[in-house]
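Chemist: Pasting a predicted model and its sequence here:
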Amino acid sequence: MGSGAPLLNDYKQDFFWKRFPQTLLGGQKLRLGYDAPAYVYINQLFLFVFPWVIGGVFTAVVELTTLDVSVGYYSVGGIVAAFVLIAQSISFVVRRRGATVTRLDIQNILAEDDEVDFESCCGVETVEFVLPGKKYVANIVLHALLSGVMCGYGFWYLTPATLNSLYNTNTAATVLLYIFGWLTVCTAQFSLTAAPPPEPATFRAQDVYEITPLMRPFYVCVFLAFDLVARFYITFSGVNQVLHVVFIFLPLFWVLGLLPPLDALFPWLAEQVLVLALGGSPAAGDISHPSVVPPDIWSRILPV
């Protein structure tokens, strides 16, 4: 017999229902805990579905006309990349201008941290909330280019022609994979446009180099890269069918924390190379792995 105590009290339940949609949908803050104008939610939803809208338009054009799919690939990728670049540039300019204004009417520090006073749909507070700025200007360009490549090839990955060729024109499979596949792409891409969600799988508390926004796009690009290989090697078509199904479950894997963050994945891979391929011993820390592997390789190529 249990004591009757709830697993989550009221405070924890409120916190959970704030964080869960944010993690599931890639970073959208759709439950704030206080009243916010409707344009705050509309702006976030617009940023989320924009790649899907552009991809859907070009999907219809490619399927209903003689337009080559490669033209749609470059068009979708270019439009999304330009959109992310323009959005982050606007955020950068607005924040730079707003930084010169000092607010002196702050009365409650805790309330100021918990609530945002939205003044207009294009105000500094709204832009900082919907489009948080990048720490480094170079990441604005990098994230825009990565968004273009991911969404462009994601368009090709999820075209009905591609899905029909994999599943023998099964309409139900094509529709389901198309819808949930684009949800997966939008979930991964939103962290590049705005800010990454709180991830259950976290290796470091502080993201100094902005690696977290690249985590979900990285796993999406792994699936896209395998599809590109499978287009040239027919023997992988069966595996490609399975991976298209697994692809739509990526948001579930991210929510459950089953996929490791990049700052833990790559040191682990380096350690496996060091131990299994080079016969070394596991290192005590992750920082030394990238610096240990190259000298070990050279010592085997050029023995003393």
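Modeler: Nice, thanks for sending it over.

Chemist: got any ranges where the stretch 101-250 of the chain has weak pLDDT?
Modeler: With pLDDT under 70 as the threshold, the stretch 101-250 of the chain has low-confidence stretches at 101-114.

Chemist: Pretty sure residue 148 sits against residue 78.
Modeler: Yes: between residue 148 and residue 78 there is a contact under Cβ atoms under 8 Å: 6.2 Å. Where C-beta positions appear, they are placed from N, C-alpha and C, glycine not excepted.

Chemist: what's the longest helix in this protein?
Modeler: Secondary structure assigned by DSSP state H gives helix 69-98 as the longest helix of the chain.

Chemist: most centrally placed residue in this structure?
Modeler: Centroid-nearest residue in the chain: residue 188, 2.6 Å away (criterion: Cα atoms, centre = their mean).

Chemist: Which of the helices or strands spans that residue?
Modeler: Following DSSP states H and E, the helix or strand that holds residue 188 is helix 171-193.

Chemist: list the helices and strands that helix packs on?
Modeler: Judged by 3 or more Cβ pairs under 8 Å, 6 or more residues apart in numbering; DSSP states H and E, helix 171-193 is in contact with helix 38-64, helix 69-98, helix 137-157, helix 160-166, helix 215-232, helix 237-247, helix 250-256.

Chemist: If we go by neighbour counts, what in it is buried?
Modeler: 173-174, 177-178, 180-193 (16 or more other Cβ atoms under 10 Å).

Chemist: Pull the contacting residues for the closest residue to residue 139 other than its chain neighbours.
Modeler: Closest residue to residue 139 in three dimensions, ignoring its sequence neighbours and counting by Cβ to Cβ, 6 or more residues apart in numbering: residue 210, at 5.4 Å. With Cβ atoms under 8 Å, 6 or more residues apart in numbering as the criterion, the residues that contact residue 210 are 134, 135, 136, 139.

Chemist: Could you give the number of residues near the second one?
Modeler: I take that to be residue 135. One way to gauge burial is a neighbour count; for residue 135, by other Cβ atoms under 10 Å, it gives 11.

Chemist: and stretch 217-229, which residues are buried?
Modeler: Taking 16+ other Cβ under 10 Å as the basis for neighbour counts, the residues of stretch 217-229 that come out buried are 217, 218, 219, 220, 221, 223, 224, 226, 227.
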